[in-house]
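> dropping the sequence and predicted coords here.
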Amino acid sequence: MTNKLDSLQVLRALAAFAVVFSHIPMINRGEFGVDIFFIVSGFIICYITERDNANFMLKRIFRVLPLYYVGTVGLFIIATYVPALVSSDPGSLQELAKSLFFVPYLNADGEMAPVLKLGWTLNYEMFFYLAFALSLRLSTAHASSICASLLVCLICAGQLVDNNNLFFRFYTDTILLEFVYGMAIYALWKNTNHWHVNKALGYFSLVLALVIVTSMFFIDRAGIRFIAFGLPAIAVVCLMLWGTKNIRFPFWLVLLGDASYSLYLFHPYLVLGVDRLLFSMDTLTFTSAAVAFAVVVACGLFSIVSYYWLEKRSNEWLRNRFLPKRPKPRPRVLQPAPAAEIKPIIPGKNIPTPYNPSLRK
C-alpha cells in the first residue's frame, strides 16, 4: 500500500473543479465539492496519523496557512484598491485579522464568511484539526473514535439547544458530520483494503462515481446538506477507494489532485477577473462556453504552478525550519562471519572406523 492514494487525489481534483464550476456565473452549481473535501479530509487525517502523528497540529498549520494567508491578504488588497474586481466589501482590518485567525464573523453582506469567502470551509477544517489534536492527546489508539464522538455531541447540542450565539451555531452545524463520515469510512477501509477488485469492476466503479458526481449538479441545494450532498459524496468516496484501487490514473490527473488546494483557493482570482474585465459568463452561448472552458484550463495550470512554487516550497521550508530533525538511521556494519573451526585429525580417535561385517558378533 502506497503512502499516497491516487484515487483520492483524483477525487480531490474533481471536487476542486466542481467548486470552480460553482463560481462560473452561467453554471453556478458545484458547491458539493466542499462536502467531498470534508469527507476525504476525515479519511486522510486518520490515514496519516495512524502512520505518523508527531507534531500533528504544526504540520496541519504549515500545510494550510501559507496559501490561505497569501489568498486572503491578496484579496483584501485588491478589494481595497480595485473594488470593481470583487463582489463584496473588503471589510475592516479587524475582520482581516479574524479571517487570518479563523474566527467566524458576519460580514457586511450578512454572510458568515471571511475576507476570502471560500475560507469558511477552512474555519471548519481548522476546528476539525483542533478536535483531532485534542483526541490524540487523550488516546493515540482511539483518537478517531474520540473525535467523532466529540463532533456528534456538538451537532446534537446544536439541534437540541436553542441558542443564537454566532460561535455556537457555527461550531454545531450538521456539516461537521461529514468529517465523521470520512473517519468511519477509514475505519472500514483499513480492514478491507486488501480485497481484490479486477479492472473491469474498477472501471465500472469509476464510471458510476462520475455519474453520481454529475447528478450532484442537479440536486436541490435547499435540502439538508449532510444528506443531500453528504450521502452521494459517501458513495463516490467509497467507489473511488475500493473500486478503482487497481486503476493506474494519468500523471496529470493525480498532479491536479496534488494541486487541488491551490486550485480551490486561487481560482476566484481568474474566474472573477475574466468575468468582470474581459468577457461576461452570465449567459450560456458558444463564445461564453469557450471562454469558460479556457478559464477552467487556466485555473488548472495556474494551480500546478502555485503547488510547485508556493504551496510545496512553503510547506517544506516550514517543516525543515521548525520541526525537529529526525535522526538518520546508522548504517549497519556487517560483522564478518567467524571462521569455521578446524579440528586437528588425531589418528584412531576422530577418524570413523570403516564398517567390517566380520567384526559383528
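All right, it came through fine.
> ok, the spatially most central residue of the chain - contacts?
Nearest to the geometric centre of the chain sits Ser41, at 4.5 Å (CA atoms, centre = their mean). Ser41 sits next to 125, 128, 179, 182 when contact means CB atoms under 8 Å, 6 or more residues apart in numbering. Just so you know, the C-beta spots here come from the backbone N, C-alpha and C atoms, and that holds for glycine as well.
> could you list every residue that touches the first one?
The neighbours of Glu125, taking CB under 8 Å, 6+ apart as the test, are 38, 41, 64.
> for Ile155, state which of the contacts of Ser41 is nearest.
The closest of these to Ile155 turns out to be Phe179 (CB to CB; 10.4 Å).
> any idea how far the closest one is from Phe128?
Noted for Phe179: a distance of 5 Å to Phe128, by CB to CB, to the nearest Å.
> next, Ile212: secondary structure please.
Classification of Ile212 using DSSP: H, G, I helix; E, B strand; the rest coil returns helix.
> wait, it touches Cys238, no?
No - counting by CB atoms under 8 Å, Cys238 is not a contact partner of Ile212; they are 10.4 Å apart.
> related to what we said a few turns ago, so Phe179 and Phe128 - more neighbours on which side?
Phe179 (26 against 23; other CB atoms under 10 Å).
> the more buried one contacts Ile44, doesn't it?
No - Phe179 lies out of contact with Ile44 (CB under 8 Å); the separation is 10.6 Å.
> quick one on the thing from earlier: what's the closest of the contacts of Ser41 to Phe293?
Nearest to Phe293 out of the contacts of Ser41 is Glu125 (CB to CB; 30.0 Å).
> element containing that closest one, please.
Element membership for Glu125 (DSSP states H and E) is helix 120-138.
> swap in Leu270?
Under the criterion of DSSP H and E, Leu270 resides in helix 260-273.
> beyond that helix, next helix or strand please.
Using DSSP H and E, the helix or strand that follows helix 260-273 towards the C-terminus is helix 286-306.
> okay, buried residues for that next one please.
For helix 286-306, a neighbour-count test (16 or more other CB atoms under 10 Å) marks 288, 291-292, 295-296, 299-300, 302-304, 306 as buried.
> now the residues you listed as CSV including pLDDT and distance to Ile155?
What follows is the buried residues of helix 286-306, written out as CSV (pLDDT from 0 to 100; distance: CB to CB, whole Å):
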residue, pLDDT, distance to Ile155
Ser288, 94, 41
Val291, 95, 42
Ala292, 96, 37
Val295, 97, 37
Val296, 97, 35
Cys299, 97, 34
Gly300, 97, 35
Phe302, 97, 37
Ser303, 97, 33
Ile304, 97, 37
Ser306, 97, 34
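> what residues of stretch 268-286 count as buried?
Neighbour counts over stretch 268-286 (16+ other CB under 10 Å) mark 268-272, 274-275, 281 as buried.
> that stretch spans what distance, first to last residue?
Length of stretch 268-286, first residue to last, CA to CA, to the nearest Å: 22 Å.
> can you name the residues in contact with it?
Residues outside stretch 268-286 that contact it (CB under 8 Å, 6+ apart): 20, 23-26, 74-75, 84-87, 116-118, 287-288, 291-292, 295, 298-299, 302.
> kindly recompute the last result at 7 Å.
Residues outside stretch 268-286 that contact it (CB atoms under 7 Å, 6 or more residues apart in numbering) are 20, 23-26, 84-86, 118, 288, 291-292, 295, 298-299, 302.
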